[in-house]
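*Asks:* Could you look at this predicted model? Sequence included:
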Amino acid sequence: MRVYSDVDEQTLEEINQAAKNFNLSKANLIAKAIDQFLHPPEQTGPDIDQLRADLDQARSESDQLRADLDQARSDANKRWTEMNTTKTENSQLKRDLETAGSKNDQLLIKHDQLRAEIDQSKIEMQGLQKDLEKYQETLKLKDQHISFLEATVHQALEKITPALPPSQEEAKAKHWWQFWR
């Protein structure tokens with residue numbers, strides 16, 4: 001059976017050179033190439049076994065590196081999420097701090113206002129205290145004056161009482177009424 005194929009000139013020159021090197025005809029060279037392609041020889045030997053072991057080890061290391069890379073990506077994503085959460089919390093804390101600072105400023109202003117009102121009230125209280133002391137002194141003087149007047153009235157009544165006529169009941173009882181008429 002014959003098989004035909006079109007090849008370019010460069011490939012044809014390479015086939016001619018290989019046939020010369022192996023001392024084969026072009027047909028035999030192409031038949032051997034097809035046979036090796038369809039039925040590759042099982043080569044066993046220390047070099048092939050070592051290459052296969054190295055390949056297996058390289059694949060194992062590659063798989064380990066991929067797993068490590070996946071773990072590193074997972075860790076990086078976790079850190080990224082934590083960082084974003086921390087940024088959000090930080091922003092919230094900054095807003096809370098600004099709100100607390102604003103409230104603190106308002107409370108300080110109110111404190112200053114209340115302090116001023118307290119100082120004003122103290123001044124007013126001192127004035128009222130002085131007024132109270134004046135009024136108490138005035139009342140004390142009035143009480144002394146009233147006591148003096150009561151004593152004077154009492155003395156006057158003691159002197160006047162014998163000079164007054166007796167009351168009508170007393171006069172009727174003692175029959176003095178005729179005397180005073």
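*Replies:* Looks like it arrived, so ask away.
*Asks:* middle-most residue in the chain, spatially?
*Replies:* Taking Cα atoms, centre = their mean as the criterion, L93 is the residue nearest the geometric centre of the chain, at 3.1 Å.
*Asks:* centre of the chain versus the helix or strand hosting that residue, how much separation?
*Replies:* L93 is part of helix 46-160, with elements assigned from DSSP states H and E. How far helix 46-160 lies from its chain's middle: 13 Å, per Cα atoms, centre = their mean, to the nearest Å.
*Asks:* CA atoms only for the next helix or strand after it - export them in PDB, please.
*Replies:* Beyond helix 46-160 in the direction of the C-terminus, DSSP H and E gives the next helix or strand as helix 168-174. Extracted C-alpha coordinates of helix 168-174, given in PDB (Å, rounded to 0.1, in the frame of the first residue of the first chain):
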ATOM      1  CA  GLN A 168     -70.500 100.300 134.600                       C
ATOM      2  CA  GLU A 169     -70.700  96.800 136.000                       C
ATOM      3  CA  GLU A 170     -68.200  97.700 138.600                       C
ATOM      4  CA  ALA A 171     -70.000 100.900 139.500                       C
ATOM      5  CA  LYS A 172     -73.400  99.100 139.800                       C
ATOM      6  CA  ALA A 173     -71.900  96.400 142.000                       C
ATOM      7  CA  LYS A 174     -70.200  98.900 144.300                       C
END
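*Asks:* Does anything pack onto helix 168-174? Which helices or strands?
*Replies:* Helices and strands touching helix 168-174, by 3 or more Cβ pairs under 8 Å, 6 or more residues apart in numbering; DSSP states H and E, are helix 177-180. The C-beta positions use only the backbone N, C-alpha and C, and glycine is treated the same way.
*Asks:* at 7 Å instead, please
*Replies:* Helix 168-174 sits against no helix or strand, with contacts defined as 3 or more Cβ pairs under 7 Å, 6 or more residues apart in numbering; DSSP states H and E.
*Asks:* How far does that helix sit from its chain's centre?
*Replies:* With Cα atoms, centre = their mean, you get 100 Å for helix 168-174.
*Asks:* cool, stretch 3-16 as well?
*Replies:* Centroid separation for stretch 3-16 versus its chain: 80 Å, with Cα atoms, centre = their mean.
*Asks:* buried set for it?
*Replies:* For stretch 3-16, the buried set under the neighbour-count rule, 16 or more other Cβ atoms under 10 Å, is empty.
*Asks:* Over that stretch, what's the mean pLDDT, rounded is fine.
*Replies:* Mean pLDDT, stretch 3-16: 88.
*Asks:* so how far does it reach from one end to the other?
*Replies:* Stretch 3-16 stretches 18 Å from its first residue to its last (Cα to Cα, to the nearest Å).
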